[in-house]
Structures are given as C-alpha cells and as structure tokens.
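S.K.: predicted model and sequence below, questions to follow.
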Amino acid sequence: MTSDPQMEQTSTASDQGKDVVLKAENVNVYYGPTLAVQNVNMDIHANEVTALIGPSGCGKSTILRCFNRLNDLVAGARVEGKITHHGKDLYGKGVDPVEVRRRIGMIFQKPNPFPKSIYENIAFGARINGYQGNMDELVEQSLKQAALWDEVKDKLKESGLSLSGGQQQRLCIARGVAIQPEIVLMDEPCSALDPISTLRIEELINELKENYTIVIVTHNMQQASRVSDRTAFFNAQATEKGKQGYLVEYDQTETIFQNPSQEATQQYVSGAFG
Ligand SMILES: Nc1ncnc2c1ncn2[C@@H]1O[C@H](COP(=O)(O)OP(=O)(O)OP(=O)(O)O)[C@@H](O)[C@H]1O
C-alpha cells in the first residue's frame, strides 16, 4: 500500500475495453483557476451500476456531471483530458450537448418533478424530444419501469408534487427513462428520502440495470456495496491552492469493500474518516 496520492490511482486493468460505454482519460476539472479534480481515469461498463464514493468535496459530482456535459452549464467550469462515449469524443466538435444529455440522463439529489400532473411529467419531456408513439402506453410503461405504476395509475391527473418524496424521485426516474436514455447518472438520489423509500429506489436501480447503465454518487457506503458492481473511491488532498480531488482506486465493489489495494480506501470503507 502507498500513501502518496499521485501514486495511488489504479484502474480496472483486467477487463479494459469490454463493454465500455464511457471512458475518462486523464480528466482534470477546473472551476475558474482552481483544479477541483485531477487525473481521473476510469471506464464505465454497460449494464452495470458504478458507484462514486468519497468524502465531501473530493469531486464525485463534478466527475458525474462531466459524463453528460452538465458542467458546460456551470460558469467557469473547464474539463481537460478526454471522455469518450462508445469511443467517440463526448466533447468533440459537432457533438450536440443537448443530445448527449438525452442519451445520458441525470437524476438529482432532490426530486424535481415539474409542477404538472403525473401524466404530464412524463409526456411533456417525451413530446419535447419528439416522441410520436402512443403517449398513454409510454406513460404506463415508464411508470412501470420506475416501479410507480401501481401507486399512481388511478390518479394520473393529480399533480406530481402531491406525491411523497420517494414517489417523486421514482416519478423523476420514470420521466428520465421515458426519453429512452442509454445511461442514467444519479447524484445522491436517496439522500432526501426515508429508509423505506431508499430501499425501494435501490431495488429499482437493481432492476433498471438490465436496460440501462447507471453511475451513482452516494455518501452511503452500505448503499454503494448493496447496489453497485464497481466502485470508484475518490479522496481529496490539501494543496496550497485548496483542496484537490483525485481518484484513489477503482475496482469491483467487492474488492473495494473487502480487499482494497490502497490504505486510504480501507480506512474510508471501514468508516475511519469521511
Ligand atoms: N459550481 C462550482 N463552482 C466552483 N467550485 C465548485 C463548483 N462545484 C463544485 N466546486 C468545488 O469543486 C470541488 C468538488 O466538488 P464536488 O461537489 O464535485 O464534490 P463532491 O465529492 O461531490 O462533494 P459532496 O459529497 O459534498 O457533494 C469542491 O472543492 C467544490 O467546492
């Protein structure tokens, strides 16, 4: 084990190239002049759940937002290095960031349904994205995929805001899957939810990975170990220019939690810091 952060980063050497849908190579992210996360290399694999864990401020959300170009919308944010999606530069000339975000959706920490009916929460986005098929069928199918149909099928005209927090988050997931993304990014999707709703979302994540690739940021280590196939542990080091995040170790979730190669990972997953 080493304690030098520059030396610590490892990646999934054993199965690189296999079903890789997103690949980050030497990614640095700056906010203005400040380097917030440095030298991230990681592959995201198809139909898997990848968890990003680590203490506050180590750059998990920043990296997540790079995966669908949401950082483009943050003033002063700049991404260096390369992120490819099926081998194609996600930031390349001619790539439409709106189309990127359609194929690579984001579920946020706080459920954010539109102030519209449950039905319209799903139909609205689909319509904007040019959906021409049977809307009733799409609404039903999306709500079923998000494990919400049985609870709302008799009140589709009621406001999405009338639902509980956990139901609202599943509505947001239904809205997300209705536009048929390939990848779903989730930024602490359960942090505003009670334990029962959290468990429901975790079960849902497990079901969704049959059809989608999922990357989830979570503070909850039990959650990472329950839902993910691979886990990336990020840490931050103090520098004269402030805190800098970096990827310490990325491997199968079982390895990260039971037999990590880095001491810092071992300490973090055993609750010694963070
Ligand atoms: N919009 C922004 N403008 C400037 N700095 C930012 C911005 N967003 C994040 N940062 C900085 O980038 C670093 C990484 O933040 P980020 O939110 O990605 O970390 P995180 O690991 O997701 O943290 P948390 O677990 O607390 O959500 C932090 O130092 C943070 O202050």
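M.R.: Perfect, thanks for sending it. Numbering: from 1, shown residues only.
S.K.: dihedrals phi and psi, the most centrally placed residue in the chain?
M.R.: Nearest residue to the geometric centre of the chain (Cα atoms, centre = their mean): residue 185, 2.8 Å. Main-chain torsions, residue 185, degrees, to the nearest 10: phi -90, psi 140.
S.K.: and the pLDDT for it?
M.R.: On pLDDT, residue 185 comes in at 97.
S.K.: contact partners for it?
M.R.: 64, 67-68, 104-107, 214-216 (Cβ atoms under 8 Å, 6 or more residues apart in numbering). For every residue, glycine as well, the C-beta is placed using N, CA and C.
S.K.: which of these fall in helices?
M.R.: residue 64 (DSSP state H).
S.K.: ok, back up a step: ok, what's across the strand from the residue nearest to the centre of the chain?
M.R.: According to DSSP bridges, the partner residues bridging residue 185 are residue 106, residue 215.
S.K.: list the buried residues of stretch 66-75.
M.R.: Across stretch 66-75, burial judged by 16 or more other Cβ atoms under 10 Å covers 66-71.
S.K.: return the residues of the stretch 101-250 of the chain in contact with the ligand.
M.R.: 243, 245 (Cβ under 6 Å from any ligand atom).
S.K.: residue ranges of the helices in the stretch 101-250 of the chain, please?
M.R.: In the stretch 101-250 of the chain, the helices defined using DSSP state H, counting those that start in this stretch lie at 118-128, 135-145, 149-152, 165-178, 195-208, 221-227.
S.K.: same list (those) but as a markdown table, adding mean pLDDT and mean neighbour count.
M.R.: Below are the helices of the stretch 101-250 of the chain laid out as a markdown table (pLDDT from 0 to 100; neighbours: other Cβ atoms under 10 Å):
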| stretch | mean pLDDT | mean neighbour count |
| --- | --- | --- |
| helix 118-128 | 94 | 20 |
| helix 135-145 | 96 | 18 |
| helix 149-152 | 96 | 16 |
| helix 165-178 | 95 | 24 |
| helix 195-208 | 92 | 17 |
| helix 221-227 | 95 | 19 |
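S.K.: right, and these - which one's nearest residue 80?
M.R.: For the helices of the stretch 101-250 of the chain, proximity to residue 80 was assessed by Cβ to Cβ; helix 221-227 is nearest, at 27.3 Å.
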